[in-house]
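Enquirer: Test case, fold it:
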Amino acid sequence: MKIAIASGKGGTGKTLVSTNLFNVIQKEGSNVRLIDCDSEEPNVCQFLHGTLEEEIITTTHIPVIDGRKCTFCGKCQEYCSYNAIIMLPAIKTIQVIEDLCHDCGACSYACQYDAITENKKVTGSITQYRIAPNADVLESQIEIGIYSPVPIIGQAIAMADDDAVTIFDSPPGTSCPFIATVERAEFVILVTEPTPFGLNDLKLSVETLRKLNKPFTVIINRFGLGNAMIENYLKQEEISLLGLIPFDKKIATAYASGQLITDEFPEYFRLFESLYHQILKQNQQ
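Expert: Residues are numbered from 1 along each chain as shown. Here you go, the predicted model:
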């Protein structure tokens, strides 16, 4: 089972949910893997500490166009769906805009004059940490200056183990990195908070997941902070509520110290254990 923990905005508690859900599953004895897909700001390893097992350097291919062989026919520019090639035939200039290139290979396919070769460019890394014999973490980390984290997210998710429960700690928002994560999940948990911003961005996430035809449920974090706006919306839209995490100072204190609340407080271990079994039940339906 592949579960994405997501939300429409940052700071709602995705990492709180993903790390503590991971902790409960591994302590129950099931095989589990947590993939930190927020490659621009990964923070799962602030809470889960293990033994470094492997680091994979990720790369992309950048086309290099030889102006001496190029006939300026325009085929490569025509085939590029991302407008990553600038061509000025009048002054015999052609150039690839690296930040727009998606490594699709269309330009190389289009060129009939062997004017295009490819160079490798480092985009980031995927690091594996062993947390327990039945549990590990994959942290994706994008290089500074890389335009899109989508390729590295895809590479990290491709390492998901079919024999384990896999949790994706998703990037915030509803843009391409969010979609690249949730589209590969079998089930999505949206974490929200009872604030106007939380409700607004929850609506965006719900709309996106419905268009993707992804089954999902909702956890309300910091429950008790605001009014019943989130609950009323869920009832109105007939969206299932998986659980509530209370607005509790000791959660904030533990989180700020890099501690797992399921280790520190028995009542929260029981809460996340209950959430996990509800997820299993919903997945079997």
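Enquirer: Report how many residues lie close to residue 122.
Expert: If you count neighbours by other CB atoms under 10 Å, residue 122 ends up with 11. C-beta here means a position set from N, CA and C on the backbone, and glycine is covered the same way.
Enquirer: now do residue 207
Expert: 12.
Enquirer: Show me what the residue nearest to residue 54 when sequence neighbours are not counted is bridged to.
Expert: Leaving aside its chain neighbours, residue 54 sits nearest to residue 128 (4.5 Å; criterion: CB to CB, 6 or more residues apart in numbering). Note on residue 128: beta-bridge partners residue 54, residue 138, judged by DSSP bridges.
Enquirer: Can you give the domain ranges for the chain?
Expert: Listed by automatic domain parsing, the domain ranges of the chain are 2-58+123-284, 67-114.
Enquirer: Tabulate those (CSV), appending mean pLDDT.
Expert: Conversion of the domains of the chain to CSV gives the following (pLDDT from 0 to 100):
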stretch, mean pLDDT
domain 2-58+123-284, 94
domain 67-114, 93
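Enquirer: Distance from the chain centre to stretch 27-35, please.
Expert: 18 Å (CA atoms, centre = their mean, to the nearest Å).
Enquirer: How far does it stretch from one end to the other?
Expert: Distance between the two ends of stretch 27-35: 18 Å, counting by CA to CA, to the nearest Å.
Enquirer: buried sites along that stretch?
Expert: Applying a neighbour-count criterion of 16 or more other CB atoms under 10 Å, the buried positions in stretch 27-35 are 27, 31-35.
Enquirer: still on that earlier bit, out of the domains of the chain, which one sits most buried?
Expert: Highest mean neighbour count of the domains of the chain: domain 2-58+123-284, a mean of 18 (counted as mean count of other CB atoms under 10 Å).
Enquirer: Give the closest residue to residue 51 in space, chain neighbours not counted.
Expert: Of all residues not flanking residue 51 in the chain, residue 130 sits nearest, at 4.7 Å (CB to CB, 6+ apart).
Enquirer: Spit out the contact partners of that neighbour.
Expert: Taking CB atoms under 8 Å, 6 or more residues apart in numbering, we find residue 130 in contact with 50-51, 53, 136.
Enquirer: from those, which two are the most distant?
Expert: 51 and 136 (9.3 Å; CB to CB).
Enquirer: what touches both of these two?
Expert: Shared contacts of residue 51 and residue 136 (CB under 8 Å, 6+ apart): 129-130.
Enquirer: host element of residue 242?
Expert: Using DSSP states H and E, residue 242 falls within strand 241-246.
Enquirer: so what pLDDT did residue 285 get?
Expert: pLDDT for residue 285: 66.
Enquirer: what about the helices in the stretch 51-200 of the chain?
Expert: All helices of the stretch 51-200 of the chain, identified by DSSP state H, counting those that start in this stretch, fall at 75-79, 106-110, 150-157, 176-182, 196-212.
Enquirer: Those into a markdown table, with extra columns for distance to residue 117?
Expert: What follows is the helices of the stretch 51-200 of the chain, written out as a markdown table (distance: least, CB to CB, whole Å):
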| stretch | distance to residue 117 |
| --- | --- |
| helix 75-79 | 12 |
| helix 106-110 | 8 |
| helix 150-157 | 20 |
| helix 176-182 | 28 |
| helix 196-212 | 37 |
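Enquirer: Looking at these, which is nearest to residue 124?
Expert: helix 150-157 (4.7 Å).
Enquirer: Extract the C-alpha trace of that closest one and format it as PDB.
Expert: The C-alpha coordinates for helix 150-157 follow below in PDB (Å, rounded to 0.1, in the frame of the first residue of the first chain):
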ATOM      1  CA  VAL A 150       9.500  16.600 -10.100                       C
ATOM      2  CA  PRO A 151      12.200  14.300 -11.700                       C
ATOM      3  CA  ILE A 152      13.800  13.600  -8.300                       C
ATOM      4  CA  ILE A 153      10.400  12.900  -6.700                       C
ATOM      5  CA  GLY A 154       9.700  10.400  -9.400                       C
ATOM      6  CA  GLN A 155      13.000   8.700  -8.900                       C
ATOM      7  CA  ALA A 156      12.500   8.500  -5.200                       C
ATOM      8  CA  ILE A 157       9.000   7.000  -5.500                       C
END
